[in-house]
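Novice: just a sequence and a predicted model for now, questions to come.
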Amino acid sequence: MKHYLFGYGSLISKQSRLATGKTGIAIPVTIQGFQRAWNMISPEMKISGVGVVSQIDSVCNGVLVEIDESEIPLFDKRELEGSNYNYERLAIPHNQLVHGEIPISSSMWIYVVKKPLVPTLEFPIAQSYLDVILTGCLDYGEIFASDFIQFTSGWEHPWINDRNCPRYARALSEIQISTIDRLLNSHVKYFHARKDESC
């Protein structure tokens, strides 16, 4: 049986996935029944991340990443331990896949937030983390990246531009700054509330 992880945040980025384990093809998809939001806190990095909660009338874009069963524990360690066990890995029913296609005999897995927590001044949205996600999204085009932004809630919370001194442990050295900021400015009315952070 084939296994697929649904990456809806930093797992969209191939570089970020490679930092954890081996994966196969990544298929851009849309899944119904999950709402993505800025609702996870990483105490170690002092940032907030995205997570999903079950919500029947919502959709979430991302990638289904083929993964060998032997690699799943590595990603469980990354996601579960990294969130202080505030994620749990659940199976996604095939009828919730509304865009994209994988073999019907395969298993789909998603990391779902158990206790949503909003970003704060101490644990803000960090641009270095968001850059990893949107760089991954841009591999599938600007529409896919725009969908990520629009399918995500919680942009009204504290947000820092930490590119000069990244808080995110898997920050990228090369990003499309102008494209990312243009898309954010186009779709997020709170973009101008983002605060620059110096080292």
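Specialist: Happy to help now that I have it.

Novice: continuing past the least confident helix or strand in the chain by mean pLDDT, what's the next helix or strand?
Specialist: The helix or strand of the chain with the lowest confidence, counting by mean pLDDT, DSSP states H and E, is helix 82 at a mean of 72. Going down the chain from helix 82, the next helix or strand is strand 87-91, by DSSP states H and E.

Novice: that next one: which residues count as buried?
Specialist: Of all the residues in strand 87-91, those buried under the rule 16 or more other C-beta atoms under 10 Å are residue 87. In short, each C-beta sits where N, CA and C put it, glycine included.

Novice: so which residues make contact with that strand?
Specialist: Contacts with strand 87-91, where a contact means C-beta atoms under 8 Å, 6 or more residues apart in numbering, come from 40, 51, 76, 79-80, 107-114.

Novice: what about these, which are in helices?
Specialist: Assigned to helices by DSSP state H, the following of the contacts of strand 87-91 qualify: residue 76.

Novice: can you tell me the SS state at the residue nearest to residue 94 when sequence neighbours are not counted?
Specialist: Counting by C-beta to C-beta, 6 or more residues apart in numbering, residue 94 lies nearest to residue 104, which is 6.1 Å off, once chain neighbours are set aside. The three-state label given to residue 104 by DSSP: H, G, I helix; E, B strand; the rest coil is coil.

Novice: surely residue 104 meets residue 93?
Specialist: No - checked against C-beta atoms under 8 Å, the pair residue 104 and residue 93 is beyond contact range at 11.3 Å.

Novice: please say which of the two ends up with more neighbours.
Specialist: residue 93 (10 against 7; other C-beta atoms under 10 Å).

Novice: in the longest strand anywhere in the chain, what counts as buried?
Specialist: As assigned by DSSP state E, the longest strand anywhere in the chain is strand 47-67. The neighbour-count check on strand 47-67 (16+ other C-beta under 10 Å) flags 47-52, 58-67 as buried.

Novice: and these, which is closest to residue 168?
Specialist: residue 47 (6.3 Å; C-beta to C-beta).

Novice: narrow the contacts of strand 87-91 to just the buried residues.
Specialist: 40, 51, 76, 79-80, 107-113.

Novice: which non-adjacent residue is nearest residue 13?
Specialist: residue 136 (3.3 Å).

Novice: what is the neighbour count of the one you found?
Specialist: 26.

Novice: how about the helices in this protein?
Specialist: Using DSSP H, helices in the chain cover 14-18, 72-76, 82, 127-138, 142-150, 177-187.

Novice: could I get the contacting residues of the nearest residue to residue 166 once chain neighbours are set aside?
Specialist: Distances taken as C-beta to C-beta, 6+ apart put residue 128 closest to residue 166, at 3.6 Å, once the chain neighbours are dropped. For residue 128, the contact set (C-beta under 8 Å, 6+ apart) comprises 162-163, 166-168, 171.

Novice: count the residues that sit near the spatially closest residue to residue 47 that is not a sequence neighbour.
Specialist: Nearest residue to residue 47 in three dimensions, chain neighbours excluded: residue 126, at 3.9 Å (C-beta to C-beta, 6+ apart). The number of residues packed near residue 126 is 27, by other C-beta under 10 Å.
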